[in-house]
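> 3D, please:
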Amino acid sequence: MIKFLAIITGLGILAIIFARRYLMNKQDGGKFFLGRKDALRHFYNFFEREPLEITVDEMIPDASAIDPKKIAAADSLAKRADIYLERGDMKNCEKSLIKSIALNPASMETYCKLGLFYLKKEQFGKAEAIYRKIITTVADDPVYFSNLGLALYQQKKLNEAKQFYMRAIELDNSRAGRLFSLGQIHFELNERDAALEHFLRALELEPENENIREMVEKVKSISL
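Residues are numbered from 1 along each chain as shown. Here you go, the predicted model:
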């Protein structure tokens, strides 16, 4: 009898989830699908919230909420990380930056250092996570969008990388490197007209750059 009631209760919960997801997708105009794995995942996480938008936890907090003593200790660790980096001690550099952020999660400078560290170490998944957090808080700096685009590109997430490079160029279109990178993504996605457009714009900014010139000629020869 107890097992029977448990099964009925479980089915009831799944029915509620099914109806809720259906209505949400219908309102958003999206496609609705609830496979077996999805149903089980929602069953076991039924009492956990699923945020539909960015939450405060995903943002870098304001420094006023951090204990000044922790900020001082975090700054000391960040400076120590710079010393480790100069010595080539990457392991302790990373550890110091992570500990610094744990003490002072409001330090944008330390997040940026860690993001660049992961890019240089070619740990692109970790770099992606850092820059996603940064752009959640700062949405008007082209460098962060460009760096996130690079991290995504290196993981072959081309469509996502394209969007972030486009955003970086919207904010600042004076860097030939960004235009070239976006052109490269368009090229790899077989979007040749868009690729040529961005390579030509990059060439206007750096007319002596042979790498850019070669890509312009390459795209033109393929298009013929």
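> tally of neighbours for residue 145?
If you count neighbours by other C-beta atoms under 10 Å, residue 145 ends up with 26. Yep, even glycine has a C-beta here, placed from its N, CA and C like the rest.
> Ok, the one 10 residues further on next?
By the other C-beta under 10 Å criterion, the neighbourhood of residue 155 contains 14 residues.
> Could you do residue 114 as well?
Count around residue 114 with other C-beta under 10 Å applied: 26.
> give me every residue that touches it.
94, 97, 98, 101, 130 (C-beta atoms under 8 Å, 6 or more residues apart in numbering).
> what do you get for residue 184?
Here residue 184 is in contact with 153, 195, 215 (C-beta under 8 Å, 6+ apart).
> For the last one, give its distance to residue 165.
Think residue 215. Using C-beta to C-beta, to the nearest Å, residue 215 is found at 15 Å from residue 165.
> Neighbour count for those two, which is higher?
Taking other C-beta under 10 Å, residue 215 and residue 165 do not tie; residue 165 has more neighbours (28 against 22).
> which ones are touching the more buried one?
Residue 165 neighbours (C-beta under 8 Å, 6+ apart): 145, 146, 149, 178, 181, 182, 185.
> That one is in what secondary structure piece?
For residue 165, the host element (DSSP states H and E) is helix 158-171.
> next helix or strand past that helix?
Counting by DSSP H and E, what follows helix 158-171 is helix 176-188.
> Output that next one as CSV, nothing but the C-alphas.
Output of helix 176-188 as CSV, limited to C-alpha atoms (Å, rounded to 0.1, in the frame of the first residue of the first chain):
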residue,chain,number,x,y,z
ALA,A,176,41.4,44.8,-36.4
GLY,A,177,42.0,41.7,-34.4
ARG,A,178,38.4,41.5,-33.3
LEU,A,179,37.1,42.0,-36.9
PHE,A,180,39.5,39.3,-38.1
SER,A,181,38.4,36.9,-35.4
LEU,A,182,34.8,37.4,-36.3
GLY,A,183,35.6,37.0,-40.0
GLN,A,184,37.4,33.7,-39.1
ILE,A,185,34.3,32.4,-37.3
HIS,A,186,32.0,33.4,-40.2
PHE,A,187,34.5,31.6,-42.6
GLU,A,188,34.4,28.4,-40.5
